[in-house]
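**Q** this is a predicted model, with the sequence first.
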Amino acid sequence: MSSRGSAADWALGQVHAVRDDPDARLELSARTYHGPVGNAPRHLPFRRAALSFMRWQVGRGVLAAIDATPPGSPWWRAVNERLLRDGCEAVARSGGMGGRPSSHAVDLWMLFVADPTARTWYRAHNASIASAYLDHRDLADTESRPERFFLNVVLLRVLFAHALVAAPRLALGRLAPAGPLLGDPRLSMTGIFLSLSRVLPDRYPLGDDVAAYVAAEHNLGEMLDYGLIGPRLQQLYEWSADELDEPRLLDCIRDGSPIYAWSYTDRDVWHPARPPAAIRAVRRFVPARR
């Protein structure tokens, strides 16, 4: 890596080289946690959560080339490229390359580089994810209805995992002391909240029946999404918009109902009229703050 040139341009080149090779994307993501000289022991443990997220995407096929059979998802590919680009740019800048940061998220990645903690990792990672969501809303609109539903589920899950570490009382109420441990991206416990195999079907593209996919969700995922996270959604998005310095995130929520590429008139899917007993029990045991 030369110290001359723009870190942003170098990062774009790195991402372009792996654009149509999902496994190479995964390798590039892993390399960013090794730092500019291949030795970053304080940063390396954070790749656990990042690579788990990417392995699921590779396995599902959403990162496949557009001309592959079956083709990948333009939306998932674009969001993943944004995360890769921001990570590569941070590595380049920490290695001595300059130029104007391409986004606010890169500044947050540099804070993580300087002080690798669970909170600084989530701020950087989720800033990249949130801005990619918002910048590619047009691509989200082209996805199937079930896929658009689950894009919202993925977003609320990553925001909640961040709150476990940085706002545990918001996330867990009376169980707040357990939040930082449960949400630490360096530990396997985080998989309970971030494991997308518990959120989305393992194939792409999906059919057009949202109810069937919701009914098939694992019991643990259902209790998390509807019992624990659901009652906190409005507060969670408001807190996240402030924490990430991304006010546009509030355009993804309305009166406690996610509306990213999703109509507010279809909000009933987020608020089951007769939630199962397990969901009601979670809500009673860990009530949301008022």
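**A** Okay, I see it. Numbering: from 1, shown residues only.
**Q** what's the helix or strand containing Leu172 in contact with?
**A** Leu172 belongs to helix 168-172 when assigned by DSSP states H and E. If you take C-beta atoms under 8 Å, 6 or more residues apart in numbering as the criterion, helix 168-172 is touched by 160, 163-164, 176-180, 182-183, 228, 232, 235-236, 239, 286, 289. Every C-beta, even on glycine, is put in place using the N, C-alpha and C of the backbone.
**Q** pLDDT of the next helix-or-strand element following that helix, averaged?
**A** As assigned by DSSP H and E, the chain's next helix or strand after helix 168-172 is helix 179-183. Helix 179-183 shows a mean pLDDT of 92 in the predicted model.
**Q** tell me what helix 179-183 is packed against?
**A** Helices and strands touching helix 179-183, by 3 or more C-beta pairs under 8 Å, 6 or more residues apart in numbering; DSSP states H and E, are helix 118-135, helix 145-166, helix 168-172, helix 191-194.
**Q** hang on, the earlier thing: buried set for the helix holding Leu172?
**A** Neighbour-count burial for helix 168-172 flags 168, 170-172 (criterion: 16 or more other C-beta atoms under 10 Å).
**Q** next one: stretch 49-57
**A** 49-54, 56-57.
**Q** and what of stretch 116-134?
**A** 116-133.
**Q** now do the end-to-end distance for stretch 141-148.
**A** Its first and final residues considered, stretch 141-148 spans 7 Å by C-alpha to C-alpha, to the nearest Å.
**Q** which of the residues in it are buried?
**A** Buried residues in stretch 141-148, counted by 16+ other C-beta under 10 Å: 143-148.
**Q** dump those to CSV, plus pLDDT.
**A** What follows is these, written out as CSV (pLDDT from 0 to 100):
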residue, pLDDT
Glu143, 96
Ser144, 93
Arg145, 92
Pro146, 90
Glu147, 92
Arg148, 94
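**Q** dump the residues you listed into TSV; add distance to Thr32 as well.
**A** TSV is the format used below for the buried residues of stretch 141-148 (distance: C-beta to C-beta, whole Å):
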residue	distance to Thr32
Glu143	27
Ser144	31
Arg145	34
Pro146	32
Glu147	27
Arg148	29
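**Q** just to revisit the earlier point, from the buried residues of stretch 49-57, which has minimum pLDDT?
**A** pLDDT across the buried residues of stretch 49-57 is lowest for Phe53, at 82.
**Q** how near is it to Arg254?
**A** Using C-beta to C-beta, to the nearest Å, Phe53 is found at 27 Å from Arg254.
**Q** likewise for Phe149?
**A** Phe149 is 15 Å from Arg254, where distance means C-beta to C-beta.
**Q** which of the contacts of helix 168-172 are buried, as a ChimeraX select command?
**A** Buried residues within these, by 16+ other C-beta under 10 Å, are selected in ChimeraX with:
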select :160,163,164,179,182,183,228,232,235,236,239,286
